[in-house]
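1. 3D model of this:
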Amino acid sequence: MKGTITVFGSSQPLPGESEYEIAYRLGKLLGEAGFSVCTGGYQGIMDAVSKGAVETGAKAIGITVDYFNAIPSKYLSKEIRCNTLLERIQKLVESGDGYAVLTGGTGTMLELSVVWEYVNKKIIEQKPIVCNGDMWLQLIETMDERMARENRETGLVKWYGEIDDCANYLIDKLSKQF
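-> Prediction:
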């Protein structure tokens, strides 16, 4: 395997729904390119990404937490259990060589914020971060405007409207390293 992409997204989408199918395609594209995927390990986008990856022979790692009392995805190759939400987020960040952020709620926003801040403050080395879903475009633009006013690096998070473009960005950036 070339590396691991951590994917963040909602637990709500069901098979057949657009958000689920987009995540499934991302998992499949990353798996075909030789990457493992890492998710929060449950249903929705996490399940879809894992399914897409394992169908190509790639690994799907799930970082779960007892707090949610939810059923892990049946497509996981490996489950890593955490005791707290913060421990889970830290493990998700540590596990990724790159990050994809799909549509989600406050949990997904928290995960994006943590990885973005870690790269911004150089807590971790710069890694590719890409978002898909209209909800992220304005946030990224607004934050980059603020970062520019503060003389900080902009462009740390990329946005693409098509999931194939997200996958290609990650594959291109990371294939040079592996």
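2. show the pLDDT at the residue in the chain sticking out farthest from the centre.
-> Largest separation from the mean C-alpha position in the chain: residue 149, at 27.6 Å (CA atoms, centre = their mean). Listed pLDDT for residue 149 reads 97.
3. can you check residue 178 too?
-> Model confidence at residue 178, given as pLDDT, is 71.
4. find the nearest non-adjacent residue to it, please.
-> Leaving aside its sequence neighbours, residue 178 sits nearest to residue 2 (CB to CB, 6 or more residues apart in numbering; 3.8 Å). For glycine as for every other residue, the C-beta is placed from the backbone atoms N, C-alpha and C.
5. please apply the same query to residue 93.
-> Closest to residue 93 by CB to CB, 6+ apart is residue 115, at 5.4 Å.
6. now the one you found: which helix or strand?
-> Element membership for residue 115, per DSSP states H and E: helix 106-120.
7. now for that helix, which elements pack on it?
-> Here helix 106-120 touches strand 3-8, helix 85-95, strand 98-101, strand 129-131, helix 134-149, going by 3 or more CB pairs under 8 Å, 6 or more residues apart in numbering; DSSP states H and E.
8. any low-confidence regions in the protein?
-> Per-residue confidence for the chain (pLDDT under 70) gives these ranges: 1.
9. doesn't residue 25 make contact with residue 56?
-> No - under the criterion of CB atoms under 8 Å, residue 56 makes no contact with residue 25, lying 11.5 Å away.
10. any idea how far residue 155 is from the residue farthest from the centre of the chain?
-> Using CB to CB, to the nearest Å, residue 149 is found at 15 Å from residue 155.
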